[in-house]
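1. The sequence and its predicted three-dimensional model are supplied below.
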Amino acid sequence: MNPVYIVFGASSSIAAAYIHEIVRANEHAKIISVSRSKLETTYNADIEHFITDYSKQNLAQITDLLKSRELVPHQVVIFNGQLHYENAMPEKKLEELDESYFNSLLNSNTLTPILCLQAIAPLLNHKTPCTITALSARVGSISDNELGGWYSYRASKAALNMLFKTAAIELQRRAKQTRLVLFHPGTTDTHLSKPFQKNVPEGKLFTPEFVASQLFSLLAHPDTLTEIGKPAYIDWQGQPIKW
Ligand SMILES: NC(=O)c1ccc[n+]([C@@H]2O[C@H](COP(=O)([O-])OP(=O)(O)OC[C@H]3O[C@@H](n4cnc5c(N)ncnc54)[C@H](OP(=O)(O)O)[C@@H]3O)[C@@H](O)[C@H]2O)c1
């Protein structure tokens, strides 16, 4: 059976490069891409695109359709995450905390990924190994926080990490061969990092292609990353990050 990949947040630059990696590795792969927007693709590959608003109801419709076709995913990657938009930037001090920005980040960076995982759960079984990865960030590590700032983004990724840790425990019972991964790509040259690239040391700003290739290689051997029931929290080199 051809492997099934599901990519949420497919408009992300890293996601686009990841889809390229999948196609390069296996031209017979079945790719389901999901995004708020239309996706332009020129690949001669089996890619099916769904547009969603990431509501529970809308994601459930995608689940039902995939279930009716008996599609069982082998790999799921959830790329969703935002750091800034229009006039909203990460906080440098307490006074800058803002309800609307906080709620927006918690929604896109935390709630959306766990709703995607919720939508995937009915497709999993005990027989088919599956790895479900969300793009997290090192700044979501509570023990690594020496610099402060970025309250909302840090909180959204720390909460995402907690949700994945909780889901890994449940999935251990419901789908015995499913592993969860939280991945920090490093500072990558995308829309998200654009305003913060000035101070990145030389050689530390990665291309989406580099990061996607690292992630693809790491996920090729998920058993080396983590045990079932415990999510891996790793960086682009596969090095564990302290929680
Ligand atoms: N770039 C970096 O330096 C860096 C560093 C650490 C972690 N990360 C993480 O890497 C992931 C990918 O980011 P990127 O750098 O590739 O950025 P990007 O190109 O700006 O991609 C943004 C992603 O966030 C989703 N998104 C944006 N607004 C959303 C909303 N309101 N609701 C739901 N989804 C929304 C998009 O999904 P749609 O396709 O549905 O629009 C897309 O997947 C993010 O989770 C980010 O936090 C990036």
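-> That came in fine, so what should we check first?
2. Over to the residue lying farthest from the centre of the chain: give its phi and psi.
-> For the chain, the residue at maximal distance from the C-alpha centroid (CA atoms, centre = their mean) is residue 95, at 30.1 Å. With angles defined as degrees, to the nearest 10, residue 95 sits at phi -60, psi -20.
3. how many other residues sit next to residue 201?
-> Counted by other CB atoms under 10 Å, the residues lying close to residue 201 total 7. In short, each C-beta sits where N, CA and C put it, glycine included.
4. hmm, back to that, if I look at the residue farthest from the centre of the chain, how far off is residue 155?
-> According to CB to CB, to the nearest Å, residue 95 and residue 155 sit 17 Å apart.
5. just residue 212 next, same as before
-> According to CB to CB, residue 212 and residue 155 sit 27 Å apart.
6. Same drill for the two, tell me which one is more crowded.
-> Comparing residue 212 with residue 155 by other CB under 10 Å, the one with more neighbours is residue 212, at 27 against 17.
7. So for that one, what's the pLDDT?
-> Per-residue confidence (pLDDT) for residue 212: 98.
8. Helices along the chain, start to end?
-> For the chain, the helices defined by DSSP state H occupy 13-25, 56-68, 99-106, 112-120, 151-174, 208-219.
9. got the contact list for the third one?
-> The contact list for helix 99-106 (CB atoms under 8 Å, 6 or more residues apart in numbering) reads 82-83, 85, 88, 91, 151-153, 155-156, 159.
10. which residues does the closest residue to residue 219 other than its chain neighbours contact?
-> In space, and not counting its chain neighbours, residue 219 is closest to residue 131: 5.6 Å by CB to CB, 6 or more residues apart in numbering. Listed by CB under 8 Å, 6+ apart, the contact set of residue 131 reads 74-76, 178-181, 219, 222.
11. possible to save the residues you listed as TSV with distance to residue 65 and neighbour count?
-> Output for the contacts of residue 131, formatted as TSV (distance: CB to CB, whole Å; neighbours: other CB atoms under 10 Å):
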residue	distance to residue 65	neighbour count
74	18	17
75	19	23
76	16	26
178	21	25
179	25	24
180	24	29
181	26	25
219	25	21
222	26	21
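12. Can you redo the residues you listed as TSV, where the extra columns are pLDDT and distance to the ligand?
-> Below are those laid out as TSV (pLDDT from 0 to 100; distance: CB to the nearest ligand atom, whole Å):
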residue	pLDDT	distance to the ligand
74	98	20
75	98	16
76	98	13
178	98	21
179	98	19
180	98	15
181	98	13
219	98	15
222	96	19
